[in-house]
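Undergrad: Structure for this input, please:
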Amino acid sequence: MKSTSLLLPLLFFSSSFASPVVEQVVLSTPETLRTGNTLHLVNEWLDDAKKAILKGKNNLEKWYHDGKQFIKQNELLYELVSHPALEEHQLRVTEPTALCDPSVKQYSGYLDIADDKHLFFWFFESRSSPSTDPLVLWLNGGPGCSSSTGLLFELGPCRIADEGRNTTHNKHSWTESANVIFLDQPVNVGFSYADDGTTVNNSPVAGKDVHAFLELFLSRFPEYSKLPLHISGESYAGTYLPNIASIIFNANKQLDLVPVPGFKKLNLESVLIGNGLTDPYVQMGSVADYACEGPYPVYKDPQGPECSALRTKIPTCQRLIKSCYSSGSRFSCVPALLYCNSQLFGPLMQTGLNPYDVRRKCDRSKDGQLCYAEMDHIDVWMNEPKNKVALGVDPGLKFASCNMEVNQAFAFQGDGMHNSAALLTELVDGGIRLLIYAGNADMMCNFMGNERWLDVLPSSFQSEFVDAKPIPWVTAGTGELAGSVRSAGGKGFTAGNVTFVTVYEAGHMVPFDQPEAALDLFSRWISNTPLSVQ
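TA: I've put the predicted structure just below:
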């Protein structure tokens, strides 16, 4: 059967999916992803100090030095971090130098899960005050896209340049005011990999791995453990993050009841989601309104045949999503995903517009399959052997910004049709602050739908949020009008407990389109200062 590929945050979905599959999905094995002679590449690029330490040691050999455990693996040197309460998890850590932003301390490496799954991370200390600035976790979406997209394309301390041959300093990096971890999850995304080719294919399981990572990271680096923790991301992270935050929140409650020696309560303060997919029922209901009556209408006539056809598809889409919400079964959720994606987004893909920024056309022959040539440039830089060795990555492992097979594994479970917003009520009522922001030029997870699901989110702040009117958001540095903000909680003296921000002249990736405004929004949010003055 002929298939039609449909873009969804941030990847293509095929409209010719087979029937739902079993819980584990086998992807390409690591051997098929490795190229070249690893030993040769490591010897060429490993620094002399590490070569001296590794000389004469066997692969997977472990040893202790100055109270720390080390391991030689893939011809590379790592510090090994473990915890008795996390028997199936360990952390391998290295310290890159002269990469991206040499002015700050960096750590990278892997979370190893049950000896066969490995999640890659890259951490940067704050440029301002590492000892007091908050700790932030950033995830990209997809599902199946590496957080290196956020790092090298949006909010990281450097930006990809020269078609992937170089990077440049990003003066609007979020590391200006925070310590930031970029994590590639689930497995088989970016530099993350699974030895046997299996992958996680649903957000709740992915969330458990992220929680284990944070526990081990803070066990190794306790200096960050007392800092406020904010978890953030965009696109499909709107599904990931509520699951992760819920797991952290409930693990903290369990530790209050039954303390675990050496286990830390994570100091979770807020969740930040940019142009996310969180409540599909509400958000899919907004697709025609955005395409036909939004600030950048896709169709000129809001009463024309294209808009009328879109609107007729929404009731069936929402009926299928409601069935998914009720049952939670992939047998209900996959049909909802297939119908809504094909019937609502299919026609929009035929317009030739960039679905992540409808102000622009998309020429995939020049711009790449995701309409941004920078994605391909990131692949070039990350696949440079000397960069891999510096990051503690097997130089034979091939990097791709987005993994279609992971995307499909989640789709086969209907994961993206679940109501992740339902997990946020307990968190908001428990004191975890929530920021939802959206660029107004994004068609895939448009600002209208994101604002509407906050309107119906049950919480102790709901009535106040519903009554809140949009007020101007003006950046502190330049005094320019950057968007509008609605907020509940804090009585105007804080950034709020439930806050929605519309970002003007920005698409799906706000920090790329509006870097200065995005840093202003982020910095004021994590410092809990008002985003606007009434």
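Undergrad: does the nearest residue to residue 531 once chain neighbours are set aside sit in a helix or strand, and which one?
TA: Of all residues not flanking residue 531 in the chain, residue 485 sits nearest, at 4.7 Å (Cβ to Cβ, 6 or more residues apart in numbering). Where you see a C-beta, it was placed from the backbone N, CA and C, and this is true even at glycine. Assigned by DSSP states H and E, residue 485 falls within strand 481-488.
Undergrad: what mean pLDDT does that strand have?
TA: Strand 481-488 carries an average pLDDT of 98.
Undergrad: strand partners of that strand, parallel vs antiparallel please.
TA: strand 471-474 (antiparallel), strand 498-503 (antiparallel) (DSSP bridges).
Undergrad: now the biggest helix by length in the chain, how far from the centre of its chain.
TA: Looking across the chain with DSSP state H, the single longest helix is helix 305-327. Centre-to-centre, helix 305-327 and its host chain are 27 Å apart (Cα atoms, centre = their mean, to the nearest Å).
Undergrad: show me what contacts residue 50?
TA: 76-77 (Cβ atoms under 8 Å, 6 or more residues apart in numbering).
Undergrad: Could you report the separation of it from residue 446?
TA: With distances taken as Cβ to Cβ, to the nearest Å, residue 50 is found 48 Å from residue 446.
Undergrad: and what of residue 358?
TA: 9 Å.
Undergrad: Test of understanding: give the bridge partners of residue 181.
TA: Under the criterion used here (DSSP bridges), residue 181 is bridged to residue 123, residue 137.
Undergrad: wait, doesn't it sit right on residue 138?
TA: Yes: Residue 181 is within contact range of residue 138, at 6.9 Å (criterion: Cβ atoms under 8 Å).
Undergrad: Report the helix or strand with the lowest average pLDDT across the chain.
TA: Every helix and strand in the chain was compared by mean pLDDT, DSSP states H and E; the lowest is strand 11-14, with a mean of 33.
Undergrad: Identify the residues contacting the nearest residue to residue 143 once chain neighbours are set aside.
TA: Distances taken as Cβ to Cβ, 6+ apart place residue 410 nearest to residue 143, at 4.3 Å, with adjacent residues excluded. Residue 410 is in contact with 142-144, 201-203, 416, counting by Cβ under 8 Å, 6+ apart.
Undergrad: again, 7 Å this time
TA: Going by Cβ atoms under 7 Å, 6 or more residues apart in numbering, residue 410 touches 143, 201-202, 416.
Undergrad: part of a strand, is it?
TA: No: if the criterion is DSSP: H, G, I helix; E, B strand; the rest coil, then residue 410 is helix and not within a strand.
Undergrad: what's the pLDDT at it?
TA: pLDDT, read off for residue 410, is 88.
Undergrad: From residue 399, how far off is it?
TA: Per Cβ to Cβ, residue 410 is found 20 Å from residue 399.
Undergrad: try residue 328
TA: From residue 328 to residue 399 the distance is 34 Å (Cβ to Cβ).
Undergrad: More neighbours: those two, which one.
TA: The neighbour count for residue 328 versus residue 399, taken as other Cβ atoms under 10 Å, is higher for residue 399 (21 against 12).
Undergrad: Go ahead and confirm the more buried one touches residue 382.
TA: Yes: at 4.1 Å, residue 399 counts as touching residue 382 under the criterion of Cβ atoms under 7 Å.
Undergrad: Residue ranges in the stretch 401-534 of the chain under the pLDDT threshold?
TA: Applying pLDDT under 70 to the stretch 401-534 of the chain flags the ranges 533-534.
Undergrad: just the helices in it please.
TA: Using DSSP state H, counting those that start in this stretch, the helices of the stretch 401-534 of the chain run over residues 404-411, 424-429, 447-455, 462-467, 510-513, 515-526.
Undergrad: what comes up buried for the fourth one?
TA: Read it as helix 462-467. 462, 464-465 (16 or more other Cβ atoms under 10 Å).
Undergrad: Would you mind listing where the stretch 1-150 of the chain has pLDDT under the threshold?
TA: Ranges of the stretch 1-150 of the chain meeting pLDDT under 70: 1-37.
Undergrad: for the buried residues of helix 462-467, which one is nearest residue 151?
TA: residue 465 (32.2 Å; Cβ to Cβ).
Undergrad: Give me the spatial nearest neighbour of the closest one, chain neighbours excluded.
TA: residue 488 (3.8 Å).
Undergrad: Ok, residue 401 next?
TA: Nearest non-adjacent residue to residue 401 (Cβ to Cβ, 6+ apart): residue 375, at 4.7 Å.
Undergrad: same thing with residue 317?
TA: Nearest to residue 317 is residue 340, by Cβ to Cβ, 6+ apart, at 4.1 Å.
Undergrad: Contact partners for the one you found?
TA: 284, 317, 321.
Undergrad: got it, and residue 358?
TA: 296, 298, 441, 443.
Undergrad: Show me which pair in those is furthest apart.
TA: 298 and 441 (11.1 Å).
Undergrad: Next, the contact list for the nearest residue to residue 306 once chain neighbours are set aside, please.
TA: Leaving aside its sequence neighbours, residue 306 sits nearest to residue 299 (Cβ to Cβ, 6+ apart; 4.6 Å). For residue 299, the contact set (Cβ under 7 Å, 6+ apart) comprises 291-292, 306-307.
Undergrad: now, among the residues you listed, which is nearest to residue 82?
TA: residue 291 (51.1 Å).
Undergrad: close enough to count as contact, residue 531 and residue 524?
TA: Yes: using Cβ under 7 Å, residue 531 makes contact with residue 524 at a distance of 5.5 Å.
Undergrad: Comparing those two, which residue is more hemmed in?
TA: For residue 531 versus residue 524, neighbours defined as other Cβ under 10 Å are more numerous around residue 531 (27 against 19).
Undergrad: What distance do you get for the more buried one to residue 523?
TA: Distance from residue 531 to residue 523, by Cβ to Cβ: 10 Å.
Undergrad: same question, residue 247
TA: From residue 247 to residue 523 the distance is 27 Å (Cβ to Cβ).
Undergrad: Could I get the contacting residues of residue 475?
TA: 482, 516-517, 520.
Undergrad: Revised request: answer the last question for residue 147.
TA: Residue 147 neighbours (Cβ under 7 Å, 6+ apart): 138-140, 182-184, 190.
Undergrad: Run a quick neighbour tally on the nearest residue to it once chain neighbours are set aside.
TA: Once flanking residues are discounted, residue 147 sits nearest to residue 182: 4.1 Å by Cβ to Cβ, 6+ apart. The local packing of residue 182 (other Cβ under 10 Å) involves 25 other residues.
Undergrad: Now do the contacts for residue 182.
TA: Residue 182 neighbours (Cβ under 7 Å, 6+ apart): 121-122, 138, 147-148, 150-151, 156.
Undergrad: nearest to residue 218, of these?
TA: Using Cβ to Cβ, these come closest to residue 218 at residue 121, 12.6 Å.
Undergrad: Confirm for me that that closest one is in contact with residue 108.
TA: Yes: if you go by Cβ under 7 Å, residue 121 and residue 108 touch, sitting 6.3 Å apart.
Undergrad: so how far is residue 72 from the residue in the chain sticking out farthest from the centre?
TA: Using Cα atoms, centre = their mean, the residue of the chain lying farthest from its centre is residue 56. It sits 40.1 Å away. Applying Cβ to Cβ, the value for residue 56 to residue 72 is 10 Å.
Undergrad: out of everything not next to it in sequence, what's closest to residue 406?
TA: Per Cβ to Cβ, 6+ apart, closest to residue 406 is residue 144, 3.7 Å.
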